[in-house]
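A.B. asks: I would like the atomic coordinates for the input below:
(one chain, ligands or ions: 1)
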Amino acid sequence: MAATGTSVATHVVEIDASHVGSYAQAKRAFATRSLPDVILLAPGAVDTKLPFTGAGQSLSGDFLLGIDDGSQPYRDLGLDEIDAAQVALEEADFIVSAGNGVTDIGAFEQLAGEFGAAIAASRVAVDNGHFTRDKQVGATGKTVEASVYIAFGISGAVQHLQGIKDCRHVIAVNLDGSAPIAKRANLTIVGDAKETIAALIEAVQTARRKHGRAPAAASVREPLGAAA
Ligand SMILES: Cc1cc2nc3c(=O)[nH]c(=O)nc-3n(C[C@H](O)[C@H](O)[C@H](O)COP(=O)(O)OP(=O)(O)OC[C@H]3O[C@@H](n4cnc5c(N)ncnc54)[C@H](O)[C@@H]3O)c2cc1C
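C.D. replies: Residues are numbered from 1 along each chain as shown. I've put the predicted structure just below:
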């Protein structure tokens, strides 16, 4: 590629019609650039089990490495799937988090299982005895860096926001659209946590029935600099 002057972007986690994006500086920054000639996705950036229906283009030529044929130095080892409950919060890429506005803890935990997401909580939810202290996110809890953090019934006190400052996409579900979490969130659903959780469980199960898939395993953030 160097000989032909081909431009390459590696560890890409975001693509649209005009740019690609990837994490930089130990995930403290997000870098974007215009579309290169070749895009190498970050490990786990896409779900390989999705039913890809786009018009694929078949390529052949000497430049293809013949990956996986055993004759090359590189081999695709696939994805490791692990139980969401085993994932340390600091490493989780997808987190659902419960606050004082979550009353049906069982349904919340079921949703986490359906999503394959790790469970977190606000300090009030921990103090109430709904979750163990190791689930607490915030100034006196854990700092998380998930790509997706869904905050159910969490007001967004400054101490909680401190723990999610490095999360990429924050989604809030709150009865109060003016709660502080809505200012931090990329998307706010103004509604009841219990109803939203029930609707999400139903939506995931319907999608799974349609595609004949087993419940999701947890997704884990790839450390920066991991080979693509
Ligand atoms: C020194 C110090 C350290 C702290 N450290 C932390 C920390 O590490 N982590 C932390 O989280 N907090 C911490 N706190 C506490 C923090 O200030 C807040 O009190 C706490 O985060 C509030 O938790 P909450 O948002 O779950 O509850 P609440 O403040 O009670 O908010 C509940 C939210 O849920 C919404 N809601 C209610 N019912 C529903 C429903 N049915 N559906 C949807 N939404 C609903 C409400 O509109 C509200 O916004 C700390 C405080 C201090 C003083």
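A.B. asks: please make it C-alpha for all contacts and neighbour counts, starting now.
C.D. replies: Will do.
A.B. asks: the residue lying closest to Asp93 once chain neighbours are set aside and the ligand, how far apart?
C.D. replies: Nearest non-adjacent residue to Asp93, counting by Cα to Cα, 6 or more residues apart in numbering: Ala146, 4.1 Å away. Per Cα to the nearest ligand atom, to the nearest Å, Ala146 is found 16 Å from the ligand.
A.B. asks: identify the residues contacting Ala146.
C.D. replies: Neighbour list for Ala146: Glu90, Glu91, Ala92, Asp93, Phe94, Ile95, Asp166, Cys167, Arg168, His169, Arg221 [criterion: Cα atoms under 8 Å, 6 or more residues apart in numbering].
A.B. asks: most surrounded residue in those residues?
C.D. replies: Ile95 (30 neighbours; other Cα atoms under 10 Å).
A.B. asks: paired strands for the strand or helix carrying it, with orientation please.
C.D. replies: Using DSSP states H and E, Ile95 sits in strand 94-98. Applying DSSP bridges to the sheet, strand 94-98 is found paired with strand 118-121 (parallel), strand 148-152 (parallel).
A.B. asks: just these: most buried one?
C.D. replies: strand 118-121 (a mean of 28; mean count of other Cα atoms under 10 Å).
A.B. asks: do the next helix or strand after that one and the ligand come into contact?
C.D. replies: Moving toward the C-terminus from strand 118-121, the next helix or strand (DSSP H and E) is helix 123-127. Yes. Using Cα under 6 Å from any ligand atom, helix 123-127 comes into contact with the ligand via Arg123, Val124, Ala125.
A.B. asks: and the helices in this structure?
C.D. replies: For the chain, helices defined by DSSP state H occupy the ranges 105-115, 123-127, 158-163, 181-184, 193-211.
A.B. asks: can you list the residues of the protein near the ligand?
C.D. replies: So the chain meets the ligand at 99-101, 122-125, 136-141, 153-157, 159-160, 173-176, 179, 191-193 (Cα under 6 Å from any ligand atom).
A.B. asks: sorry, back to before: save the strands paired with strand 94-98 as JSON lines, and put in mean pLDDT too.
C.D. replies: Shown next, in JSON lines, are the strands paired with strand 94-98 (pLDDT from 0 to 100):
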{"stretch": "strand 118-121", "mean pLDDT": "96"}
{"stretch": "strand 148-152", "mean pLDDT": "97"}
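A.B. asks: many thanks, we can stop here.
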